[in-house]
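Participant: Got a predicted model here, sequence first, then my questions.
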Amino acid sequence: MWVAVAMTLLAALVWALNPRQPKLAPAPLGPPLPVCARLPREFTPTDITNLSEPPFPALPRQRQLRALLHMNTEPCLCGCKLSLAACRLNYPSCKTSKELAGTIVESSGR
């Protein structure tokens, strides 16, 4: 009987000391939105290292990196609050980010 009481008390102690775990649910997997979403968040710079558009192969590697750095630290003006690089990667149909990225590539090509 003492063993059962001791085991019950030990189980209650372990249950009381166990921190509450947050109830997390996985993000829904779905296709990306066709246009830039206006999201209620703050701008956060990104660290994207490769973009297929605008065409970087025409630039030397050092200028590609300079253009990518600029696109990772500049917010897109379309309202999505992503960096230009993230907007180009996630929303390739965004005309605003395409124009701004093209301007950055042209200016870094000089």
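Facilitator: Structure's in. What do you need?
Participant: Could you identify the helix or strand that succeeds the longest helix along the chain?
Facilitator: The helix spanning the most residues in the chain, taking DSSP state H as the definition, is helix 2-17. Using DSSP states H and E, the helix or strand that follows helix 2-17 in sequence is helix 61-73.
Participant: got a pLDDT number for residue 16?
Facilitator: Model confidence at residue 16, expressed as pLDDT, equals 82.
Participant: what about it, how many neighbours?
Facilitator: Applying other CB atoms under 10 Å, we find 7 other residues in the vicinity of residue 16. Backbone N, C-alpha and C define where each C-beta goes, glycine included.
Participant: same thing with residue 88?
Facilitator: Neighbour count for residue 88, taken as other CB under 10 Å: 22.
Participant: Check residue 81 too.
Facilitator: A count of nearby residues for residue 81, using other CB under 10 Å, gives 18.
Participant: looking at this, it is in a helix?
Facilitator: No: secondary structure of residue 81, determined by DSSP: H, G, I helix; E, B strand; the rest coil: coil, with no helix assignment.
Participant: ok, so what distance separates the spatially closest residue to residue 84 that is not a sequence neighbour from residue 44?
Facilitator: The shortest distance from residue 84 to any residue that is not its chain neighbour, by CB to CB, 6 or more residues apart in numbering, is 4.1 Å, and that residue is residue 71. Separation of residue 71 from residue 44 (CB to CB, to the nearest Å): 14 Å.
Participant: and what of residue 60?
Facilitator: When distance is defined by CB to CB, residue 60 is 29 Å away from residue 44.
Participant: Over to residue 79?
Facilitator: When distances are taken as CB to CB, residue 79 and residue 44 turn out to be 15 Å apart.
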